[in-house]
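1. Got a predicted model here, sequence first, then my questions.
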Amino acid sequence: MNTSESKFTIACDFHTFNFLTHEDFTYLVVADEAYGRQIPFSFLERVRDEFVERYKEKGLRASAHSLDRSFGPRLKSHMEYCVAHPEEITKVAAIQKKVAEVKDVMVENIEKVLERGEKIEVLVDKTDELRSQAEQFQKKGRLLRTKMWWQNMRMKLAIVFCVFLLAVVIFLLVCFSAGNNCTKKK
């Protein structure tokens, strides 16, 4: 079953042949060129809506002209309405077009908001991950700083001890070498 809809117009001898194809049916109206395209297609849409609502299943099985008696007066009624109220049909069509445009914009905006929401969730997750990594980095930095301070302190103490030991060795060598005794009073 074809559920798509297509519209097209053929202009010939100051008339337009306007076709509306919807599902398994093709609707046609011949109109003066002066009516343009909007009014004939509004007529076809009104006819299509009522036909689908009332005769869709019956229309699939109906023979030619079998619905003339029941649907013929409805066609006439729709045609008279469209001819008598062209300004209303044009306004309604314009409003319907604007509503469709607004709807499309709103759908697009909602999609963008949802995309942003997903991006924000990703950013929040990344921020939390970075925060925990920063805390770990800080802890490791403090531990490393303390470890390096103790290592530095041990190195300084070792150097001080080596200098002190060297001073004692030098003192002892100077004092007790070559028969000198620095500890005796003279």
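-> The structure has been received and is ready for your questions.
2. for stretch 28-43, which positions count as buried?
-> Neighbour-count burial for stretch 28-43, counted by 16 or more other Cβ atoms under 10 Å, picks out 29, 31, 35, 39-43. C-betas here are computed from N, CA, C, even on glycine.
3. all strands of this structure, in order?
-> Under the criterion DSSP state E, the chain contains strands at 5-12, 15-22, 25-32.
4. Tell me which of those sits most buried.
-> strand 15-22 (a mean of 18; mean count of other Cβ atoms under 10 Å).
5. ok, that strand: who's next to it in the sheet?
-> According to DSSP bridges, strand 15-22 forms sheet pairs with strand 5-12 (antiparallel), strand 25-32 (antiparallel).
6. What is the lowest-pLDDT residue among the buried residues of stretch 28-43?
-> On pLDDT alone, Y35 ranks lowest of the buried residues of stretch 28-43, at 78.
7. Tell me, how many residues neighbour P86?
-> P86 has 14 neighbouring residues, counting by other Cβ atoms under 10 Å.
8. ugh, wrong one, F161
-> Residues lying near F161 (other Cβ under 10 Å) number 10.
9. ranges for the helices of the protein?
-> 38-61, 68-84, 86-176 (DSSP state H).
10. and the angle for the last one with helix 68-84?
-> Between the axes of helix 86-176 and helix 68-84, defined by axes from the mean of the first three to the mean of the last three Cα atoms, to 10 degrees, the angle is 80 degrees.
11. So which elements touch helix 86-176?
-> The contact analysis (3 or more Cβ pairs under 8 Å, 6 or more residues apart in numbering; DSSP states H and E) places helix 86-176 against helix 38-61.
12. Could you measure from D68 over to V30?
-> As judged by Cβ to Cβ, to the nearest Å, D68 and V30 stand 17 Å apart.
13. Likewise for T146?
-> Noted for T146: a distance of 95 Å to V30, by Cβ to Cβ.
14. Quick check on S63: phi, psi?
-> phi -90, psi 170 (degrees, to the nearest 10).
15. What's the local residue count around it?
-> Per other Cβ under 10 Å, the neighbour tally for S63 reads 6.
16. Report the distance from stretch 151-171 to the chain centre.
-> From the chain centre to the centre of stretch 151-171 is a distance of 70 Å (Cα atoms, centre = their mean, to the nearest Å).
17. Stretch 108-127 too?
-> Counting by Cα atoms, centre = their mean, stretch 108-127 comes out at 8 Å from the chain centroid.
18. which parts of it are buried?
-> Within stretch 108-127, no residue counts as buried by 16+ other Cβ under 10 Å.
19. Mind exporting the C-alpha coordinates of it to PDB?
-> Extracted in PDB, the C-alpha atoms of stretch 108-127 (Å, rounded to 0.1, in the frame of the first residue of the first chain):
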ATOM      1  CA  GLU A 108      14.400  20.800  15.500                       C
ATOM      2  CA  ASN A 109      14.900  22.800  18.700                       C
ATOM      3  CA  ILE A 110      13.800  19.900  20.900                       C
ATOM      4  CA  GLU A 111      16.300  17.600  19.100                       C
ATOM      5  CA  LYS A 112      19.000  20.200  19.700                       C
ATOM      6  CA  VAL A 113      18.100  20.500  23.400                       C
ATOM      7  CA  LEU A 114      18.200  16.700  23.700                       C
ATOM      8  CA  GLU A 115      21.600  16.700  22.000                       C
ATOM      9  CA  ARG A 116      22.800  19.400  24.400                       C
ATOM     10  CA  GLY A 117      21.400  17.400  27.300                       C
ATOM     11  CA  GLU A 118      23.400  14.400  26.200                       C
ATOM     12  CA  LYS A 119      26.500  16.600  25.800                       C
ATOM     13  CA  ILE A 120      26.000  18.100  29.200                       C
ATOM     14  CA  GLU A 121      25.800  14.600  30.800                       C
ATOM     15  CA  VAL A 122      29.000  13.700  29.100                       C
ATOM     16  CA  LEU A 123      30.600  16.900  30.300                       C
ATOM     17  CA  VAL A 124      29.400  16.300  33.900                       C
ATOM     18  CA  ASP A 125      30.800  12.700  33.800                       C
ATOM     19  CA  LYS A 126      34.100  14.000  32.500                       C
ATOM     20  CA  THR A 127      34.200  16.700  35.100                       C
END
